[in-house]
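> Take a look and give me a structure for this.
(one chain, ligands or ions: 1)
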Amino acid sequence: KPALAQAGVPDTVDAKAGATSAAALQMTRDNGAPIGSNRNSLAAGDTGPVLLEDVTLIEKLARFDRERVPERVVHARGTGAHGVFRATADLSGITTTSLFAQRGKETPVFVRFSTVIHPSGSPEGLRDPHGFAVKFYTDQGNWDLVGNNLPIFFIRDAIQFPDMIHSLKPSPVTNKQDPNRLFEFFSGTPEATNMLVHVYSNLGTPASYRTMDGNGVHAFKLVDKDGKVIFAKFRWISHQGVRNLDGDTANKAPFNYLTDDLYGEIAKGNFPVWDLMVQTQTAEELARLAYNPFDDTKEWLGVPFRKIGEMTLNKVPDNFFRFTEQSAFAPANLVPGIEPSPDRMLQGRLFSYSDTQRYRIGANVMDLPVNRPRVDVVNNYQDGQLDHATGKIDVNYFPSVTAKKAVDPRFAPTPYKIDSIVQTAPISRTEPFDQAGAFYRALKPADKADLVKNLAGDLNVVTSLRTKVIMVSYFAQADRDLGTRLAQAVNVPASEVEKAIAEYDASLDARYGGK
Ligand code: HEM
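Prediction:
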């Protein structure tokens, strides 16, 4: 055939190699039909154009053009692993959740670790809170504990989340992350001080995903068989110990160091392990705290933890996109016996994740292998893009006597009493600085120095003296020593800081009463 001979790279090379190797598979199009040429387009002679009738070429380019789905709006850069959770305690006295019903019970999990702000193709050494999301495939459906490595968060009401993320993401004009923007936001958000001292400490640059603890952050309700509620917070404690990098080392860390470490250690059989811990408190105990117990900018300091299970990660996903990229963790994925607390951030998250996932992946996101529950799904939802699971079902409505489906009132949300005014008002008992100060004072001297250096590095980029002074005044109210060291490091006069503190004290109502 003269055309092939002229092409220089005969597209029969692979097929010929295949003749001597049993492994070569005949390539096909998506319709299953065998492909005759995968290197040369269907062209009109040696110098003529390529023809539209080359369906193999058209299909190949069209499929390539659609390879990307939108990256996560936050937590875009991440890595996942499969594993198993083993309950080490019997919690049947306080929750009907089957996952914790007996000691030794095993439940498969999928875990995704991530950074928050930076895009999917960013270096892994950038400072950030780090995501720690766990999907438990329980025998009552999937429970997702979508947490971070830090025990608290920046803000306490979901209505602020889009503004905060806008300030942290690259500027819409310059497309660069800009401390001027993010500190302008945080200078109006004193409750973020606790999270800022955490994220600017070396906890913001972990040495590996294996050496991070994880936190559910919010309170949840655990409900027993009689409908009795106890509030709970969850924490993962790393058996590998918590290890971090200082800022300079993290800046020089290899591009993929967190993923390489996790994949590499699992491949070697050195499986990372975490203990799952729980704190429990009754409503009466929580009422005695000096701060609002459902404020996610606070930890429940001093409340003891007890171990309830162990998680081991033992398998790297076969395919990054199928498992890690398409995994969809959602705080709304709850199971019987675990219900939301009134935490205003959690309440917003209950909506936001499943909503973004129906956009990011599609209406049938829950049918994908990584998201599909390991129990039968019985409902009347149907159709939508990429539906492949709806069977031969004529009765797609409820109720019906010809094809009966049932619901069991035991699984309805636990009733609770509300006796309050409906309003858009801030929470009470805010205490924005106490825990930030306690965190600073508990750091080792070298870690204190790193925190000051890391904060000063970004604050020194800020051109507005007002923003800088207010930020330093917040850190000074958390801890005087931190404030003094920071004021020196960013060249802010102590008198200005004192003035800002006085103004803050005088304007508490204005700040917290703001609509
Ligand atoms: C991911 C929203 C607060 C931890 C996401 C995603 C959204 C989102 C839309 C992307 C989900 C996806 O595309 O699959 C919000 C909103 C928040 C909030 C509206 C506040 C109201 C938090 C908090 C935590 C957290 C407080 C930690 C306790 C995570 C994690 C992921 C994530 C770990 C990544 C999950 C994964 O690996 O796929 N968040 N978030 N978020 N968020 Fe949040």
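> Out of the helices and strands in this structure, which is least certain?
The helix or strand of the chain with the poorest confidence is helix 2-7; it has a mean of 41 (mean pLDDT, DSSP states H and E).
> helix/strand/coil for the residue of the chain found nearest the ligand?
Closest residue of the chain to the ligand, C-beta to the nearest ligand atom: Gly131 (2.8 Å). The way it works is simple: take the backbone N, C-alpha and C, and place the C-beta from them, glycine included. Here Gly131 is recorded as strand under DSSP: H, G, I helix; E, B strand; the rest coil.
> Skipping adjacent residues, who's closest to it in space?
In space, and not counting its chain neighbours, Gly131 is closest to Ser114: 3.6 Å by C-beta to C-beta, 6 or more residues apart in numbering.
> Quick check: bridge partners of that neighbour?
Listed beta-bridge partners, Ser114: Gly78, Gly131 (assigned using DSSP bridges).
> so what's it up against?
The contact partners of Ser114, by C-beta atoms under 8 Å, 6 or more residues apart in numbering, come to 72, 75-79, 130-131, 133.
> could you dump those residues to a markdown table with pLDDT?
Formatted as a markdown table, those follow (pLDDT from 0 to 100):
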| residue | pLDDT |
| --- | --- |
| Arg72 | 98 |
| His75 | 98 |
| Ala76 | 98 |
| Arg77 | 98 |
| Gly78 | 98 |
| Thr79 | 98 |
| His130 | 98 |
| Gly131 | 98 |
| Ala133 | 99 |
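> would TSV of those with neighbour count be doable?
Below are those laid out as TSV (neighbours: other C-beta atoms under 10 Å):
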residue	neighbour count
Arg72	22
His75	23
Ala76	18
Arg77	24
Gly78	25
Thr79	21
His130	25
Gly131	24
Ala133	24
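> Next, count neighbours for Thr107.
Neighbour count for Thr107, taken as other C-beta atoms under 10 Å: 20.
> Shouldn't it be within a strand?
Yes - using three-state DSSP, the assignment for Thr107 is a strand.
> Could you list the low-pLDDT ranges of this protein?
1-22, 508-515 (pLDDT under 70).
> Do a quick rundown of the strands in this structure.
78-87, 106-115, 130-138, 141-148, 214-215, 220-223, 229-238, 273-281, 306-315, 338-340 (DSSP state E).
> What residues does the protein have near the ligand?
72-75, 78, 112, 114, 131, 133, 146-148, 153, 158, 161, 217, 296, 327-329, 345, 348-349, 352-353, 356-357, 360 (C-beta under 6 Å from any ligand atom).
> Among the residues you listed, name the ones in helices.
Judged by DSSP state H, helices contain the following of those: 161, 345, 348-349, 352-353, 356-357, 360.
> which two from those end up farthest apart in space?
Met345 and Arg360 (20.6 Å; C-beta to C-beta).
> Wait, Met277 touches Ile237, no?
Yes - between Met277 and Ile237 a contact is recorded at 5.9 Å, counting by C-beta atoms under 8 Å.
> Who are the contact partners of the spatially most central residue of the chain?
In the chain, the C-alpha nearest the mean C-alpha coordinate belongs to Gly131, at 4.2 Å (C-alpha atoms, centre = their mean). Residues in contact with Gly131 (C-beta under 8 Å, 6+ apart) are 75, 78, 112-116, 146-149.
> That one and Gly214, how far apart?
9 Å (C-beta to C-beta, to the nearest Å).
> what's the overlap in contacts for these two?
By C-beta under 8 Å, 6+ apart, the residues touching both Gly131 and Gly214 are 147-149.
> Same list, these, but as CSV with neighbour count please.
Shown next, in CSV, are these (neighbours: other C-beta under 10 Å):
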residue, neighbour count
Gly147, 25
Asn148, 25
Asn149, 25
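> mind listing what the nearest residue to Val197 once chain neighbours are set aside touches?
The shortest distance from Val197 to any non-neighbouring residue, by C-beta to C-beta, 6+ apart, is to Ala436 (4.8 Å). Ala436 makes contact with 193-194, 196-197, 475, 478-479, according to C-beta under 8 Å, 6+ apart.
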